[in-house]
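Participant: Just to be clear, the model below is a prediction. Sequence and coordinates:
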Amino acid sequence: MTNCDTVTLSPDGFGLTKAAQVLGRGGLVAFPTETVYGLGADARNSQAVAAIYAAKGRPSFNPLIVHLPDLTTARQFCDFTKDAEVLAQAFWPGALTLVLPLRPDAGISTLVTAGLNTLAVRVPSHPVARDLLQAFGGPIAAPSANPSGRVSPTTAAHVLAGLSGRIDAVVDGGACDVGVESTIIGCAGEPVLYRAGGLPLEAIEAALGRPIRSELEAGENPSAPGQLASHYAPMGRVRLNAHRAEDGEVLLGFGAVEGAHLNLSPSGDLTEAAARLFDCLHLLDAMTAERIAVSPIPDHGLGRAINDRLRRAAAPR
Ligand code: TXA
Ligand code: MG
C-alpha cells in the first residue's frame, strides 16, 4: 500500500482493538516486540502478506516469521520435534524463532513460507505484542518494520521514518529492549543455527546439552546461491518472458494473455500475482508440468520480487 495515512496507535485496549481491526481487514500494522518492531499482517491472508513485501520494497520473497501467543497455539501450526519442545519450554516467550515442519491444515499463506513446507514461529515476550496477538486472535506474520536494505527499527519513530504513508498503523510501545532480531534455529531435524540474534547460541546449546551446527544465511537480500536450496522451486523446467506456450509447455500467464493454463493475475495486478505465486507453483507440480513457460512480469514494485523468485526457479539445478 502506498500513500495512505499512517496512524499512530496507543498500546492500550483502545489502540490494540483498532490495530486488531486493521489486521482483520487485511491491513498492515507495525508493532513493538522485545527484539525490533515488526510489520504485521494476517498470516492467513495472501493479499495482506503481499502488501508487506510491497510496503518494504523487498526485492525477494524471503519466508517470514509468524508470531503466536503461546506454545499451545504454535502446536496447531507446526509439528514440534523433541528438541523444539525443549527450546520452546526454555526460551518462549522470547527472542527465539523455531523453523519447524508446517502442518498441512495450518491455513498459513504460501507467501509467508515462500512455498516451503516449514514455518518459522516465535512467541514474543513484549507485553504490547502479546496484547495485540490476544486482541487479534490469529497468527501475525511480521518481518522487521523497515524498508528493505535499511536498519531494523527499535522505536515507533524509526518505523515512521521509513514506512510512513506505506502502512496503515504503528502501535507505539516505546523502545525495544533487545534491539537485534531473534535467533533462528531450524528444528525440523537435527537443530541448526540459521541466524544469530538476541538469544545467545551458548544458551541454546546449554539447554540442548550439545553443540549445534551453523548454516547462516546471507543477510536480508541474499543473492548467494546458498539461498537457492532453501527456496521452493517447481519440479518442471521454467522458461521466462514467454509470449506463448510451445508444444509440451504449460503457460503460467500474467495479464490478458491467451492460452494460459494458470494465470497469476488476469487483470495484471502485481499484488494479486505475488499473493498467488507459490500456490501457482504448487499447482504446476500437481499438474506434473515438466516444462513451464511464464509470461513477462513488469519489473517494478512487487514485480521485482516475483521476477527474482522466478529467475531462481528457472536457474539451472
Ligand atoms: O526478531 C525478529 O525475528 C523480528 C521480529 C519482528 O519478530 N522479525 C524478523 O523477521 O526479523 P525477518 O522477516 O526480517 O526475518 C525472517 C527470517 C528470514 O530472513 C528467513 O531467513 C528466516 O527468517 N526464515 C523464515 N522462515 C524460514 C524457513 N521456513 N526456513 C528457513 N528460514 C526461514
Ligand atoms: Mg529484517
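Facilitator: Noted; the coordinates are in hand. Residues are numbered from 1 along each chain as shown. Ligands and ions are numbered 1, 2, ... in the order given.

Participant: contacts and neighbour counts: CA atoms only from here.
Facilitator: Noted.

Participant: what are the ranges of the helices in the protein?
Facilitator: Along the chain, the stretches classed as helices by DSSP state H are 13-24, 46-56, 71-77, 82-91, 110-113, 127-136, 156-163, 201-208, 226-229, 270-286, 302-314.

Participant: okay, those in a markdown table with mean pLDDT next?
Facilitator: Listed next are those as a markdown table, based on pLDDT from 0 to 100:
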| stretch | mean pLDDT |
| --- | --- |
| helix 13-24 | 98 |
| helix 46-56 | 97 |
| helix 71-77 | 98 |
| helix 82-91 | 98 |
| helix 110-113 | 96 |
| helix 127-136 | 98 |
| helix 156-163 | 96 |
| helix 201-208 | 96 |
| helix 226-229 | 42 |
| helix 270-286 | 92 |
| helix 302-314 | 89 |
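
Participant: Those helices: which one's closest to ligand 1?
Facilitator: Among those, the nearest to ligand 1 by CA to the nearest ligand atom is helix 110-113 (5.5 Å).

Participant: show me the contacts for the residue nearest to A242 when sequence neighbours are not counted.
Facilitator: Computed as CA to CA, 6 or more residues apart in numbering, the closest residue to A242 that is not its neighbour in sequence is S295, at 4.9 Å. The neighbourhood of S295, defined by CA atoms under 8 Å, 6 or more residues apart in numbering, consists of 240-244, 251-254, 257.

Participant: Please tell me the pLDDT value assigned to S295.
Facilitator: You'll see S295 listed with a pLDDT of 98.

Participant: Please tell me the pLDDT value assigned to the closest residue to A74 other than its chain neighbours.
Facilitator: Computed as CA to CA, 6+ apart, the closest residue to A74 that is not its neighbour in sequence is L68, at 6.4 Å. Looking at L68, its pLDDT is 98.

Participant: My guess is L68 contacts I140. True?
Facilitator: Yes: assessed by CA atoms under 8 Å, L68 is found in contact with I140 at 6.9 Å.

Participant: hey, what's in contact with both of the two?
Facilitator: Counting by CA under 8 Å, 6+ apart, the common neighbours of L68 and I140 are L133.

Participant: Name the residue in these two with the higher neighbour count.
Facilitator: Legend: neighbour count by other CA atoms under 10 Å for L68 and I140, higher for I140 (29 against 24).

Participant: what sits opposite the more buried one in the beta ladder?
Facilitator: Here I140 sits in beta bridges with D42, H67, as judged by DSSP bridges.

Participant: Need the pLDDT of it.
Facilitator: Note for I140: predicted pLDDT of 99.

Participant: for the one 5 residues further on, same thing?
Facilitator: At A145 the predicted local distance difference test score is 96.

Participant: ok, it touching A157?
Facilitator: No: at 11.1 Å, A145 and A157 do not qualify as touching, with contact defined as CA under 8 Å.

Participant: between the two, who's got more neighbours?
Facilitator: Neighbours were tallied for A145 and for A157 using other CA under 10 Å; the higher tally belongs to A145 (31 against 16).

Participant: How about the contacts made by that one?
Facilitator: Per CA under 8 Å, 6+ apart, neighbours of A145: 30, 36-39, 56, 152-153, 159, 163.

Participant: try T8
Facilitator: Residues in contact with T8 (CA under 8 Å, 6+ apart) are 169-172.

Participant: Not counting sequence-adjacent ones, nearest residue to it?
Facilitator: In this structure, T8 finds its nearest non-sequential neighbour in V170, 5.0 Å apart by CA to CA, 6+ apart.

Participant: Please look at the one you found and G27 and confirm they touch.
Facilitator: No: V170 is beyond contact range of G27, at 11.3 Å (criterion: CA under 8 Å).

Participant: Show me which of the two is the more surrounded one.
Facilitator: Counted by other CA under 10 Å, V170 and G27 do not tie: V170 has more neighbours, with 30 against 23.

Participant: pLDDT at the residue in the stretch 151-300 of the chain that ligand 1 sits nearest to, what is it?
Facilitator: Among the residues of the stretch 151-300 of the chain, E181 lies closest to ligand 1, at 3.3 Å counting by CA to the nearest ligand atom. Listed pLDDT for E181 reads 92.
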